[in-house]
Structure formats: structure tokens, C-alpha cells
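Q: Could you look at this predicted model? Sequence included:
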Amino acid sequence: MVTLVRHEWHKVDSQFELQLDESLLSKIYPDLDEDEIAETLAQIDSGEISVEGLVEDARDNNVDLDWDRTYDDWYTERKGGYEVTYEIGDEEVNMDEE
């Protein structure tokens, strides 16, 4: 018997969500009082404070953000354009699939 392996190399858009509330925000910014936390949350909601900046601040303050996966869009599976490779043992053969 010989085992054949097929690899499909796709591009995927994975979406994650995080419910940001005052409690989590106070862990990221422990020096802010209740009013400042409320103002910061409003600034994040309006786009005055970037999500990237918030994520960086959480990382800098050792706060883990527990993102929930909402969906994956395997768009190359729908539209084609992914690469397919095959292998037997240590040998590998490449073939493009559109």
C-alpha cells in the first residue's frame, strides 16, 4: 500500500469578535478612573482611539483578549486560485489548480 497526500493551500478570512466593556477596559488601563474608562470606551466606539492601539496597550499591560471566532471565509475554495500539491513519502509534486 502507498499513502497519497493532497495539500490544498487556501487563503482564508477569519473573523473574530470581542465584547469590550468597562470591566475589560479597566484591566487594560488600570490607572484610569470610572469616568475616564467611560470616556475611553466612547473614544474607541467613535474611532478616535484605534483598535490596533487598544490591542497593543492590552499586550503591553499583559491583558489577554479572549476573541471569539465568528466565521471563516475560505474565499479561494469558492473562487478557485488555490495551489494543490501532492506527495508520496519524501517526494513532492506541485500542480496549480484554478
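A: Nice, I can see it.

Q: can we go C-alpha only for contacts and neighbour counts from here?
A: Noted.

Q: which stretches of the chain have low pLDDT?
A: 90-98 (pLDDT under 70).

Q: For it, which segments count as helices?
A: For the chain, helices defined by DSSP state H occupy the ranges 22-28, 34-46, 51-60, 75-79.

Q: got those helices as JSON lines, with distance to Val2 and mean neighbour count columns?
A: Shown next, in JSON lines, are those (distance: least, Cα to Cα, whole Å; neighbours: other Cα atoms under 10 Å):
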{"stretch": "helix 22-28", "distance to Val2": "53", "mean neighbour count": "16"}
{"stretch": "helix 34-46", "distance to Val2": "56", "mean neighbour count": "14"}
{"stretch": "helix 51-60", "distance to Val2": "48", "mean neighbour count": "13"}
{"stretch": "helix 75-79", "distance to Val2": "28", "mean neighbour count": "13"}
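
Q: right, so of those, which gets closest to Val12?
A: Proximity to Val12, assessed across the helices of the chain by Cα to Cα, is greatest for helix 75-79 (6.1 Å).

Q: which outside residues touch the closest one?
A: Residues outside helix 75-79 that contact it (Cα atoms under 8 Å, 6 or more residues apart in numbering) are 10-13, 82.

Q: Tell me how far stretch 65-81 lies from the chain's centre.
A: A distance of 10 Å separates the centroid of the chain from that of stretch 65-81, by Cα atoms, centre = their mean, to the nearest Å.
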